[in-house]
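Visitor: Predicted model follows, preceded by the sequence.
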Amino acid sequence: MSSASPSGKPKFDLGQLLSTPGALEAMAESNQTPADFLSRHVRGDWGEDLCQEDRKLNDQALVDGSRILSAYRTRKEVKIWIITEAKADDGHRACTTCLLPSEY
């Protein structure tokens with residue numbers, strides 16, 4: 001069962017957008033951009049490579065404000081993670097980062 005928003009409406013705030021050089025390079029080599037993955041992430045499509053336990057944690061994070069992780073693959077099968085940090089004391093998420101798992 002997917003928690004993705006059928007309307008395409010964002011489910012949470014991304015905060016500042018960041019990306020590592022490795023993730024940017026992998027996306028460019030596949031003729032993709034961060035927006036290709038961020039649009040899925042913010043709608044609650046956590047990616048095919050995320051285990052059921054992490055999916056449940058993400059769904060709970062939409063309620064309690066904890067960290068959100070999505071895992072995707074580029075067209076060239078390079079794994080990309082997107083991590084949105086937990087909400088701070090002010091109730092806002094500081095940032096969302098696109099990165100390779102090896103850069104974590």
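Guide: Sure thing, it's come through.

Visitor: Going by C-alpha atoms from here, please, whenever you check contacts or count neighbours.
Guide: Noted.

Visitor: and residue 90, how many neighbours?
Guide: Residues near residue 90, counting by other C-alpha atoms under 10 Å, number 7.

Visitor: what's downstream of whichever helix in the chain runs longest, the next helix or strand?
Guide: When the chain is parsed with DSSP state H, its longest helix is helix 52-64. Using DSSP states H and E, the helix or strand that directly follows helix 52-64 along the chain is strand 68-73.

Visitor: Grab the CA positions of the next helix or strand after that next one and hand them over as PDB.
Guide: Counting by DSSP H and E, the next helix or strand C-terminal to strand 68-73 is strand 79-84. What follows is strand 79-84 as a C-alpha-only set of coordinates in PDB (Å, rounded to 0.1, in the frame of the first residue of the first chain):
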ATOM      1  CA  LYS A  79      21.000   4.300  -6.100                       C
ATOM      2  CA  ILE A  80      20.000   7.700  -4.800                       C
ATOM      3  CA  TRP A  81      18.800   8.600  -1.300                       C
ATOM      4  CA  ILE A  82      16.800  11.600  -0.400                       C
ATOM      5  CA  ILE A  83      16.700  12.500   3.300                       C
ATOM      6  CA  THR A  84      14.500  15.200   4.800                       C
END
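
Visitor: Since that was my last question, I'll sign off now.
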